[in-house]
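**Student:** Following is a predicted model, sequence given first.
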Amino acid sequence: MSTQSRTVNAGDFQELEVGDDVQSSSLYNDDIAPTKIHQRTWGTMNVAALWVGMAICVPTYTLGGVLTAYFGLSVSEALITILLANIIVLIPFCLNAFPGTKYGIPFPVLLRSSFGTVGSNLPCLIRAIVACGWFGIQTMFGGIAIHLLLSAFSEGWASLGGTGEVIGFFIFLTLNLTVVIRGSESIKTLETLSAPLLLAVAAGLMFWALPKVDVIALMDIPANRPEGASFWGYFFGGLTAMVGFWATLSLNIPDFSRYVKSQKDQLKGQIIGLPLTMFFFASLGVIMTAASPALVGETISDPVNLIGKIDNPMWVALAMLMIIIATISTNTAANIVSPTNDFQNVAPKYINQTKGALLTGFIGVLLMSYEIFKKLGWLESDLSVEAMYSGWLLGYSSLLGPIAGIMIVDYFIVKKQELNLVDLYRMDGVYPVVNISGMLAFFIPVGLTVFSITTGTLDWFYNYGWFTGSFLGAAIYAVLNANKLDQSDTATATS
């Protein structure tokens, strides 16, 4: 006898009882199904630990240098910009986490409400590809750390040079994928155990470097921009790039909030874990880079190579171990979980969590193949990873901004925080296959961005891409759904 799925209310949360209609649907598999109430075990400190684990990483360390070198800000201006950007990005993080916690659904399933059951694949794949790119970059840093760790104990390994780094890359990749394939509890355990350890190591590095630096003189170094140039243009460009640093996670935060026990826990955890950790570790990067001439005799902005210069094998080994743990915790949560879910959304009956994770790893290797070939001596290239950061952050934030704005308006204004949980997993439910209003609200801002890049006009629209894109996407989506808002208000008044 065929059974029908139904939604069960459990206080402020909803749980899906899966029947034959959803179980057989092409939109469903067990890995992207809504979490059960008993699976929502993450508390405030687990969420805060998640953010500590993600924020303490090599790219965060280099952010101050990126802002001073590529965005024309002084050191003090760069640090203030990083803090402000992470306070701003808390808004979409906290808002987009709400439906994940209430309904237990991951990011791609939530997108079915605003983009359609099949249309959701477009923003999902956009999100997935940038995550795969970051996964490759972080894995390369982790591979270098593994190489330096082994080199501290073996001259034979050290003699491998770039080949050793490539071997380390694939060792690190395997460690990352193993954590994700083992599931959410494995991620929770990793982040919770690593967070206090990473904070302690970061604090230790700060105290080690501070005596070597005149902090006041460091903060007084003038900005690297043309004399007389307006501060605000450079500031907003840098601010947009820093918001873009977490623009990807601001979309797929439901991938984690679906495991949280309450809305209060997800709010408090994110507020505690994100802004100050980012500010502290970016500050550490600025101070360590400034101290590097006194520490090792040359200026080095990469913590992995800086620590590798220390003439003490035991300290190098310990520091590399910490960097490996930090990069695994960041890479696992920030760059593997989302594309794993996103790829499943394309074909849930054919791609499960394990296959999604392996596909993420494969694409990450492909995107970093140029760097692998360089290290093996098969290719010569002057492409700078730091230049890639600045260009990629700004460019991709202009694509992701509209998605964030659309998601927030759809859930809080159009749907008024009420979703049909069963129909999110069925092709014949209330959600269209492709939601035209969502597509238009996405493509119009993206079209303007492309127009700005190709014609050189409307530079401000591209330079401030996350802000312009998110606000315009949100406004267009609200206007296109104005009739639904009117109907909803009328129904509420009648009842």
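**Tutor:** Nice, thanks for sending it over. Numbering: from 1, shown residues only.

**Student:** okay, CA-based contacts and neighbour counts for the rest of this
**Tutor:** Fine.

**Student:** Could you pull out the helices in the stretch 351-495 of the chain for me?
**Tutor:** Using DSSP state H, counting those that start in this stretch, the helices found in the stretch 351-495 of the chain span residues 353-367, 369-375, 385-408, 436-455, 459-463, 465-480, 482-494.

**Student:** burial measure for residue 357, as a count.
**Tutor:** The number of residues packed near residue 357 is 25, by other Cα atoms under 10 Å.

**Student:** quick one, what contacts it?
**Tutor:** Taking Cα atoms under 8 Å, 6 or more residues apart in numbering, we find residue 357 in contact with 177, 180, 181, 336, 337, 339, 340.

**Student:** Could you do residue 26 as well?
**Tutor:** For residue 26, the contacting residues are 347, 348, 349, 426, 427, by Cα under 8 Å, 6+ apart.

**Student:** what's the closest of the residues you listed to residue 433?
**Tutor:** Ranked by distance to residue 433 (Cα to Cα), the contacts of residue 26 are led by residue 427 at 6.9 Å.

**Student:** I figured that closest one was touching residue 119, is that so?
**Tutor:** No: the criterion here is Cα atoms under 8 Å, and residue 427 misses it with residue 119 at 11.7 Å.

**Student:** re the thing from before, nearest to residue 200, of the helices of the stretch 351-495 of the chain?
**Tutor:** For these, proximity to residue 200 was assessed by Cα to Cα; helix 385-408 is nearest, at 26.8 Å.

**Student:** Looking at the closest one now, give me its mean pLDDT.
**Tutor:** Regarding helix 385-408, the rounded mean pLDDT is 71.

**Student:** and what of stretch 15-32?
**Tutor:** The model assigns stretch 15-32 a mean pLDDT of 95.

**Student:** Buried ones in it, by neighbour count?
**Tutor:** The neighbour-count check on stretch 15-32 (16 or more other Cα atoms under 10 Å) flags 15, 16, 18, 22, 23, 26, 27, 28, 29, 31, 32 as buried.

**Student:** residue contacts, the third one?
**Tutor:** So the one you mean is residue 18. Contact analysis of residue 18 by Cα under 8 Å, 6+ apart lists 4, 5, 6.

**Student:** Spit out the contact partners of the first one.
**Tutor:** With contacts taken as Cα under 8 Å, 6+ apart, residue 4 has the following neighbours: 18, 19, 20, 21, 22.

**Student:** Of those residues, which is the nearest to residue 224?
**Tutor:** Of all these, residue 22 has the smallest distance to residue 224: 57.7 Å, by Cα to Cα.

**Student:** quick check, that closest one in a helix?
**Tutor:** Yes: counting by DSSP: H, G, I helix; E, B strand; the rest coil, residue 22 is found in a helix.

**Student:** still on that earlier bit, so which of the contacts of residue 18 sit within strands?
**Tutor:** Judged by DSSP state E, those include residue 6 as members of strands.

**Student:** burial measure for residue 159, as a count.
**Tutor:** Other residues within reach of residue 159, judged by other Cα under 10 Å, total 11.

**Student:** In this structure residue 39 contacts residue 257, no?
**Tutor:** No: with contact defined as Cα under 8 Å, residue 39 does not reach residue 257; the gap is 11.4 Å.

**Student:** rewinding a little: which one of the helices of the stretch 351-495 of the chain lies closest to residue 246?
**Tutor:** helix 385-408 (8.9 Å).

**Student:** Low-confidence regions, the chain specifically.
**Tutor:** The model of the chain has pLDDT under 70 over residues 1, 381-398, 485-495.

**Student:** So residue 39 and residue 257 - more neighbours on which side?
**Tutor:** residue 257 (31 against 15).

**Student:** Can you name the residues that contact the more buried one?
**Tutor:** Per Cα under 8 Å, 6+ apart, neighbours of residue 257: 97, 98, 100, 101, 104, 266.

**Student:** farthest-separated two in those?
**Tutor:** 104 and 266 (12.8 Å).

**Student:** Residue 227: helix or strand, and which one exactly?
**Tutor:** Here residue 227 sits in a region with no helix or strand, counting by DSSP states H and E.

**Student:** What degree of burial does it show, as a neighbour count?
**Tutor:** Neighbour count for residue 227, taken as other Cα under 10 Å: 7.

**Student:** Use 678 as the first number from now on
**Tutor:** Understood, numbering begins at 678; the last thing we discussed is residue 904.

**Student:** and the gap between it and residue 747?
**Tutor:** According to Cα to Cα, to the nearest Å, residue 904 and residue 747 sit 16 Å apart.

**Student:** again with residue 732
**Tutor:** Relative to residue 747, residue 732 is positioned 21 Å away (Cα to Cα).

**Student:** again, but for residue 779
**Tutor:** Residue 779 is 41 Å from residue 747, where distance means Cα to Cα.

**Student:** more crowded one of those two?
**Tutor:** Taking neighbours as other Cα under 10 Å, residue 779 and residue 747 compare with residue 779 leading, 27 against 16.

**Student:** Report the contact partners of that one.
**Tutor:** By Cα under 8 Å, 6+ apart, the contact set of residue 779 is 689, 690, 691, 935, 940.

**Student:** Next up, the contacts around the residue positioned nearest the centre of the chain.
**Tutor:** Nearest to the mean C-alpha position of the chain, by Cα atoms, centre = their mean, lies residue 926 at 3.6 Å. By Cα under 8 Å, 6+ apart, the contact list for residue 926 reads 770, 1011.

**Student:** And it, its phi and psi?
**Tutor:** Backbone torsions for residue 926, taken as degrees, to the nearest 10, come to phi -70, psi -30.

**Student:** Verify the stated contact: residue 698 with residue 704.
**Tutor:** No: counting by Cα under 8 Å, residue 698 does not reach residue 704; the two are 10.8 Å apart.

**Student:** Which residues are in contact with each of these two?
**Tutor:** In the contact map built from Cα under 8 Å, 6+ apart, the residues linked to both residue 698 and residue 704 are residue 1103.

**Student:** distance between the ends of stretch 1126-1139?
**Tutor:** This stretch, stretch 1126-1139, spans 5 Å end to end (Cα to Cα).

**Student:** Relative to the whole chain's centre, how far out is that stretch?
**Tutor:** 25 Å (Cα atoms, centre = their mean, to the nearest Å).

**Student:** out of the contacts of residue 934, who's nearest residue 1086?
**Tutor:** Nearest to residue 1086, judged by Cα to Cα, of these is residue 775 at 12.7 Å.

**Student:** In contact with the closest one: list those residues for me.
**Tutor:** Taking Cα under 8 Å, 6+ apart, we find residue 775 in contact with 931, 934, 940.

**Student:** quick revisit: between residue 1104 and residue 796, who's got more neighbours?
**Tutor:** It is residue 796, of residue 1104 and residue 796, that has more neighbours when counted by other Cα under 10 Å, with 21 against 17.

**Student:** Over to residue 840. Which of the three states is it?
**Tutor:** Reduced to three states with three-state DSSP, the structure at residue 840 is helix.

**Student:** Also residue 692?
**Tutor:** Assigned by three-state DSSP, the conformation of residue 692 is strand.

**Student:** if we can go back for a sec, narrow the contacts of residue 775 to those in helices?
**Tutor:** 931, 934, 940 (DSSP state H).

**Student:** ok, so of these, who is nearest residue 951?
**Tutor:** Taking Cα to Cα as the measure, residue 951 lies nearest residue 934 of the ones in helices among the contacts of residue 775, at 14.7 Å.

**Student:** any idea how far that closest one is from residue 771?
**Tutor:** Residue 934 sits 9 Å away from residue 771, going by Cα to Cα.
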